[in-house]
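Enquirer: using only what follows, build the 3D model:
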Amino acid sequence: MLRIVVLNPKGGSGKTTIATNLASHYAVRSMPATLVDYDPQASTTRWLKKRQAGQPAIHGITAFERNNRTTRSFHMRIPTETARVVIDTPAALDAHDMPELTRGADAVLVPVLPSDIDIHACSKCIA
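Expert: Next up is the predicted model:
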């Protein structure tokens, strides 16, 4: 199972767009995909809900939600048939949360817009 994390602590960098397009790419190519949404804004989850029934399935996990009725490990379980996991991280990501989100990642994608503010924010993230 390939695990891809899309992160940048700055909002509006295209994380959700990249994450949803990657998951779609894999699903269309018969590589079962799971899309994990850590962003409380829930754009990825909203996108998943709008997909048509006839489209290739993408399993969604709402990692930003906390539910006292189920364990965290049950809520975060990835289906065994999953070939690709794509993780959409939130904006304003705390540096202390990065190790948990990137643990076990095969790739970390950091989208950066070509502006001074975005490049500066990104370079601090990468450092």
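Enquirer: show me what the longest helix anywhere in the chain is packed up against.
Expert: Identified as the longest helix of the chain according to DSSP state H is helix 15-28. In terms of contacts (3 or more C-beta pairs under 8 Å, 6 or more residues apart in numbering; DSSP states H and E), helix 15-28 is packed against strand 2-6, strand 33-37, helix 43-49, strand 58-62, strand 84-88. (Each C-beta comes from the backbone N, C-alpha and C, glycine too.)
Enquirer: again, 6 Å this time
Expert: strand 2-6, strand 33-37, helix 43-49, strand 84-88 (3 or more C-beta pairs under 6 Å, 6 or more residues apart in numbering; DSSP states H and E).
Enquirer: how about that helix: buried residues?
Expert: 15-16, 18-20, 22-24, 26-27 (16 or more other C-beta atoms under 10 Å).
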